[in-house]
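Chemist: Take this sequence and fold it.
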Amino acid sequence: MLAGSTIAMAIAGLFHLWIVPERWDHAPAHGIFFLFAGSAQLVWAVAFWRKPIVRLYFIGFALAGWLIVLWALTRVLPAPFTNVPEEIRLVDLTVKLFESVSLSCLAYLIYQGFMADAGGSIAWRTLLLVVVTALLAAFLTYNLARALEPVLPLLHGSANIQWHGL
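Modeler: Okay, here's the model as predicted:
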């Protein structure tokens, strides 16, 4: 499970870095975001591989959950720095599959660790807290990015410059 979560997160990070140029052309803000997300995933994977401390279990779970929820939001609502929801593409589904594998492995490991130390009730509450953290992070990121759109017009997609009044 430890190796599975690490490898899956690293692969998702590599995919995010691989699509940076394409996403940058779509909207520079998206390129910057994918550069950050992919780098964060790779840094986490290396740190977790070297020393899987408890804090990294939670950070990895929250990171994967945050990116999955944020992806889902931008398929239903207009993505920040664009004016339409994003398409669902095969590369997106592939990345979300790897993030889901990492998330599932980490959920199992977190649950098992807390189950052994504190019992089932604490284990479930701990997982629920990390899920809520990931959800809040995704909604906060989405709304913050939407709020920054008027302040950072150069980060919009080229098709959206007219839409934002520039």
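Chemist: give the contact list for Ala147.
Modeler: By C-beta atoms under 8 Å, 6 or more residues apart in numbering, no residues touch Ala147. (Glycine included, C-beta is placed from N, CA and C.)
Chemist: if I look at Arg89, how far off is Leu127?
Modeler: Arg89 is 30 Å from Leu127, where distance means C-beta to C-beta, to the nearest Å.
Chemist: Ok, Ile32 next?
Modeler: 31 Å.
Chemist: May I have the phi/psi pair for the most centrally placed residue in the chain?
Modeler: Centroid-nearest residue in the chain, with C-alpha atoms, centre = their mean: Leu67, separated by 1.8 Å. Per-residue torsions, Leu67: phi -70, psi -30 (degrees, to the nearest 10).
Chemist: Tell me who's in contact with it.
Modeler: Here Leu67 is in contact with Ala12, Ala37, Gln41, Glu99, Ala138 (C-beta under 8 Å, 6+ apart).
Chemist: likewise Ala138?
Modeler: Contact analysis of Ala138 by C-beta under 8 Å, 6+ apart lists Gly65, Trp66, Leu67, Val69, Leu70, Leu73.
Chemist: what's the most distant pair in these?
Modeler: Pairwise distances across the contacts of Ala138 (C-beta to C-beta) peak at 12.4 Å, for the pair Gly65 and Leu73.
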